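this one's sequence-less:
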């Protein structure tokens, strides 16, 4: 059945090739397909420009400052970032989940209920500043006081409420919650400000420094980070150094312990991985840590935010894989196959345009040459089978034998157009044998790629 189908196909192709118009039409279609394939491949290699929307939260926050630095650095890497200030991490996560934002710097400690959010990188812990008026000496003194926890949509509020609840302080019962943004706190008169303010920010923070020097606040220690860390995975043991915000009087007067809230870079899961890759290159660029006044470590990129790792982050981490890794080998194998296929297609198209050649008057049959090549292919496969026992040198043997196959194929393709054959199927049989040998070598190497 297969032989009959092959005969019908050969007969049909023969008739098409003998007709000049049909032959030219088919040849043009093959050339256009080849050009399209090559253009698509080249397009993937061209440098690209990306546009992204990002937020760092409150415009007065250090997270917004980080986003602005990242915006400037990413512009040099072909990524144009537009910043959209927002009230806090919760609002940012909602916007990313709905596709209105591409990326955001957020605080940990929020509910991980957004399916379209992916983890890009861990940035570092952001210390929690508990600012109080001087007459408040410890957390229990906040009973009956007004405590500002920031925006209702902010991550600081969610985190601060958990910290206060750990201290047996519940909003609306032990204290009165206010929700002024940082900008509002800077504009209010001192007598209108709440007795306590919670701010998550890198130290030193401009907002905290203003409230200390201009409004008379002091910093209160949060003494139980290790205990809270046992309950909440996003808590880090952090501290604020003495004299950070004032020298005379010293504020704080000594190194004080506080909660460090893990901060992450997250993105919508549909953002182009190559754009995320470029942003990560910018995040870890030399000199950015000096502007931030702390180091963002690439080694901690995977520190979990509770969301799945983005494809762009995986791509960024994979850049350090050894050259002869399995992935690299697969890429080389694909490129090698593409080159061989392209060359074969070009030769077939050229032969097709030439049309069928008339039979020679006095043919000198050349079947023996192709039969000899087939015998050589059989010998090459036997050499490969003999080398399977030596796994260490199998890749070198395979590439050597593949080179011999390529030489045979090139010679055969060169001769196939002019060879005078009694058995016209010999070139096709030879090409099929070479293709099968190539495929077998690649399959065996893929199965045994752990040897590389």
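Perfect, thanks for sending it. Everything quoted here is computed from the prediction, not taken from an experiment. Numbers count the residues shown, from 1 in each chain.

Helices along the stretch 301-450 of the chain, start to end?
311-318, 326-354, 367-387, 394-416, 426-447 (DSSP state H, counting those that start in this stretch).

hey, least reliable of the ones you listed by pLDDT?
Mean pLDDT across the helices of the stretch 301-450 of the chain is lowest at helix 326-354; the value there is a mean of 59.

In stretch 96-112, which residues are buried?
Neighbour-count burial for stretch 96-112 flags 96, 97, 101, 102, 103, 104, 105, 106, 107, 108, 109, 110 (criterion: 16 or more other CB atoms under 10 Å). No exception for glycine: its C-beta is placed from N, CA and C like everyone else's.

so what's the fourth one closest to, chain neighbours aside?
Closest residue to residue 102 in three dimensions, ignoring its sequence neighbours and counting by CB to CB, 6 or more residues apart in numbering: residue 52, at 4.2 Å.

Could you report the neighbour count for that neighbour?
Using other CB atoms under 10 Å, the number of residues around residue 52 comes to 22.

if I look at it, how far off is residue 278?
Separation of residue 52 from residue 278 (CB to CB, to the nearest Å): 9 Å.

which of the residues in stretch 378-386 are buried?
Buried-residue list, stretch 378-386, by 16+ other CB under 10 Å: 380, 381, 384.

which non-adjacent residue is nearest the second one?
For residue 381, the nearest residue in space outside its immediate sequence neighbours is residue 437; the separation is 5.7 Å by CB to CB, 6+ apart.

so who does that neighbour touch?
By CB atoms under 8 Å, 6 or more residues apart in numbering, the contact list for residue 437 reads 377, 380, 381, 384, 401, 405.

quick one: contacts for the nearest residue to the fifth one once chain neighbours are set aside?
If I follow you right, that is residue 401. In space, and not counting its chain neighbours, residue 401 is closest to residue 380: 5.0 Å by CB to CB, 6+ apart. Residues in contact with residue 380 (CB under 8 Å, 6+ apart) are 401, 404, 405, 437.

sorry, back to before: if I look at residue 52 and residue 278, which residues touch both of them?
Common contacts of residue 52 and residue 278 (CB under 8 Å, 6+ apart): residue 79.

how about stretch 199-206: buried residues?
199, 200, 201, 202, 203, 204, 205.

closest to residue 367 among the residues you listed?
residue 202 (80.6 Å; CB to CB).

all helices of the stretch 51-200 of the chain, in order?
Using DSSP H, counting those that start in this stretch, helices in the stretch 51-200 of the chain cover 62-75, 89-97, 155-166, 182-187.

Show me what the mean pLDDT comes to for the last one.
So that's helix 182-187. 87.

Run a quick neighbour tally on the nearest residue to residue 186 once chain neighbours are set aside.
In this structure, residue 186 finds its nearest non-sequential neighbour in residue 210, 6.1 Å apart by CB to CB, 6+ apart. When counting by other CB under 10 Å, one arrives at 16 neighbours for residue 210.

what's the answer for the one 4 residues further on, then?
Here the count is done by other CB under 10 Å, and residue 214 has 10 residues near it.

helix/strand/coil for it?
helix (DSSP: H, G, I helix; E, B strand; the rest coil).

coming back round to it: would you format the contacts of residue 380 as a markdown table with distance to residue 390 included?
Below are these laid out as a markdown table (distance: CB to CB, whole Å):
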| residue | distance to residue 390 |
| --- | --- |
| 401 | 13 |
| 404 | 18 |
| 405 | 20 |
| 437 | 19 |
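
From those residues, keep the buried residues only.
Among the contacts of residue 380, those classed as buried by 16+ other CB under 10 Å are 401, 405, 437.

can you map out the strands along the stretch 201-350 of the chain?
Assigned by DSSP state E, counting those that start in this stretch, the stretch 201-350 of the chain shows strands spanning 218-219, 235-240, 256-268.

In CSV: those strands, plus mean pLDDT and mean neighbour count.
Formatted as CSV, the strands of the stretch 201-350 of the chain follow (pLDDT from 0 to 100; neighbours: other CB atoms under 10 Å):
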stretch, mean pLDDT, mean neighbour count
strand 218-219, 92, 21
strand 235-240, 78, 20
strand 256-268, 87, 24
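
As TSV, those with distance to residue 181 would be great.
Converted to TSV, the strands of the stretch 201-350 of the chain look like this (distance: least, CB to CB, whole Å):
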stretch	distance to residue 181
strand 218-219	20
strand 235-240	22
strand 256-268	18
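
Tell me which of these sits nearest to residue 152.
Per CB to CB, nearest to residue 152 of the strands of the stretch 201-350 of the chain: strand 256-268, 17.7 Å.
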